[in-house]
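Colleague: generate coordinates for the sequence data below:
(2 chains)
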Amino acid sequence: MDIILGIRVQEGTIIAASKAATRGISILKDTDDKTRILNTHNLVAFTGESGDTVHFTEYIQANIQLHTMRENDLELSPSAVASFVRNQLATSLRSRKPYQVNVLLAGYDVKTNTPTLNWIDYLGTQTELPYGAHGYAAFYCSSLLDRHYRTDMNIDEGLKLLDDCLEELERRMPIDFKGCYIKVVDKDGVRDITK
Amino acid sequence: MSRRYDSRTTIFSPEGRLYQVEYAQEAISQAGTAIGILSTEGVVLACEKKFTSKLLDNDGSAEKLYILNDNMICAVAGMTADAGILINNVRVQAQQYLKTYNEQIPCELLIKRICDVKQGYTQHGGLRPFGVSFLYAGYDDRYEFQLFTSNPSGNYSGWKATSIGANNSAAQTLLKKDYKDDLSLKDACNLAIKVLSKTMDASSLNSDKLEFATLSLSKLEKGKTVRKIWKDEEIDLLIKESGVLDEKKDDDE
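Modeller: So this is what the prediction gives:
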């Protein structure tokens, strides 16, 4: 029932992830951060089987950071990170107990100065998208995004569109997801702009 | 006294040296020369073929130049059989990186990985070190054109122009004298021929004794490289055009 949403705009990529940590019918926590910073220009947001999610993303995070340390602070590009994550999930899928984790990767490629949003599910499907979501957020928001997304949007317009999406979710979802953390990845790196 | 430490690669002598590693390096300094020159438009690798015979059936493939991946070529000095093992390993590593990250491996990273293998054989018991030095020509989008060497000890270093193998110090002196930062690829090719013509023992210079390769950027596709191992006719033409044969004649007279 977690919500993760991503919108790519001109100068960066915006990610929203719900704050509620749930187990069965109970909400355990309303300050759960479903994102991890991989390196200065890459952020991952995740949903799926609880336990698997944190374990998997922290494993990815450790490996990306190890790569940075080994290669004299040469950071992996968003597309390299996406391929690595996809590869890990695809390998896991063919093991005895696969990770049930879906992720959105927000990145900013400093070589080409382009923001990216990568959508990857537990089956290892990977696509680069202008906007995307996993789980219920996709059902409620896809139509809104299809109608109102433009390729020439700036951060503020992107955030306004995101607000509309979140309002729709609040209105239509039968469950309280306790609001969202909102983060932006752009040329300056990752920043939290949660209201 | 030192004999006692000769046979073991992994044991230091009382003077703090690893004899087997030094011997491997010595073996390389007798092998055919290979030189590499960095230019603004690409990298040149040129090697001297030591063993030539009329009876040798030449299938046209280079024996000391190898393609490592889409962005790198290398030249070998030393035992070619040892090089084969390392090159096989490198090619696998490069493809493995490409498979996981969907990006070409950065040059230095690939070289670091080969050197880790080389280093391993100077430390882990019972084996001899790899008797090869490499010259690598590479391109990546971070540092563009690059030239590296590595030796049996597992050390590597980056250069603008350098040489390995026989007469390498003479070649380096010549390169130091004639190298300029704004060399074009054509200039670099001519410089390579010139240096080889002076460091090689052979009196006449021709394609039988030379191998030549260049790495440059493709004109058709942005960011793609062209790795070219030259044909005999092209080498002969280059020798003729560079005019080194005429100079030689003058010297003789």
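Colleague: list the buried residues of stretch B:147-161.
Modeller: B:147-154, B:156, B:158-161 (16 or more other CB atoms under 10 Å in any protein chain shown). Just so you know, the C-beta spots here come from the backbone N, C-alpha and C atoms, and that holds for glycine as well.
Colleague: what of stretch A:134-149?
Modeller: A:134-137, A:140-141, A:144-145, A:149.
Colleague: around chain B, pick out the residues from chain A.
Modeller: A:71, A:74, A:76-77, A:79-80, A:82-84, A:87, A:111 (CB under 8 Å from any CB of the partner chain).
Colleague: what do you get if the cut-off is 6 Å, keeping everything else the same?
Modeller: A:80, A:83-84, A:87 (CB under 6 Å from any CB of the partner chain).
Colleague: need the buried residues of stretch A:134-149 in JSON lines with distance to B:Lys219 and secondary structure, can you?
Modeller: Converted to JSON lines, these look like this (distance: CB to CB, whole Å; DSSP: H, G, I helix; E, B strand; the rest coil):
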{"residue": "A:His134", "distance to B:Lys219": "44", "secondary structure": "strand"}
{"residue": "A:Gly135", "distance to B:Lys219": "48", "secondary structure": "coil"}
{"residue": "A:Tyr136", "distance to B:Lys219": "51", "secondary structure": "helix"}
{"residue": "A:Ala137", "distance to B:Lys219": "47", "secondary structure": "helix"}
{"residue": "A:Tyr140", "distance to B:Lys219": "50", "secondary structure": "helix"}
{"residue": "A:Cys141", "distance to B:Lys219": "46", "secondary structure": "helix"}
{"residue": "A:Leu144", "distance to B:Lys219": "46", "secondary structure": "helix"}
{"residue": "A:Leu145", "distance to B:Lys219": "41", "secondary structure": "helix"}
{"residue": "A:Tyr149", "distance to B:Lys219": "38", "secondary structure": "coil"}
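Colleague: can you redo those as JSON lines with pLDDT?
Modeller: Converted to JSON lines, those look like this (pLDDT from 0 to 100):
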{"residue": "A:His134", "pLDDT": "95"}
{"residue": "A:Gly135", "pLDDT": "85"}
{"residue": "A:Tyr136", "pLDDT": "86"}
{"residue": "A:Ala137", "pLDDT": "90"}
{"residue": "A:Tyr140", "pLDDT": "94"}
{"residue": "A:Cys141", "pLDDT": "95"}
{"residue": "A:Leu144", "pLDDT": "95"}
{"residue": "A:Leu145", "pLDDT": "96"}
{"residue": "A:Tyr149", "pLDDT": "97"}
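Colleague: quick one: the strands in chain A?
Modeller: A:4-8, A:12-18, A:21-23, A:26-29, A:35-39, A:42-48, A:101-109, A:114-120, A:126-128, A:131-134, A:180-186, A:189-192 (DSSP state E).
Colleague: TSV for those strands, including distance to B:Ala171?
Modeller: Listed next are these as TSV, based on distance: least, CB to CB, whole Å:
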stretch	distance to B:Ala171
strand A:4-8	53
strand A:12-18	51
strand A:21-23	67
strand A:26-29	68
strand A:35-39	42
strand A:42-48	45
strand A:101-109	41
strand A:114-120	44
strand A:126-128	48
strand A:131-134	57
strand A:180-186	50
strand A:189-192	47
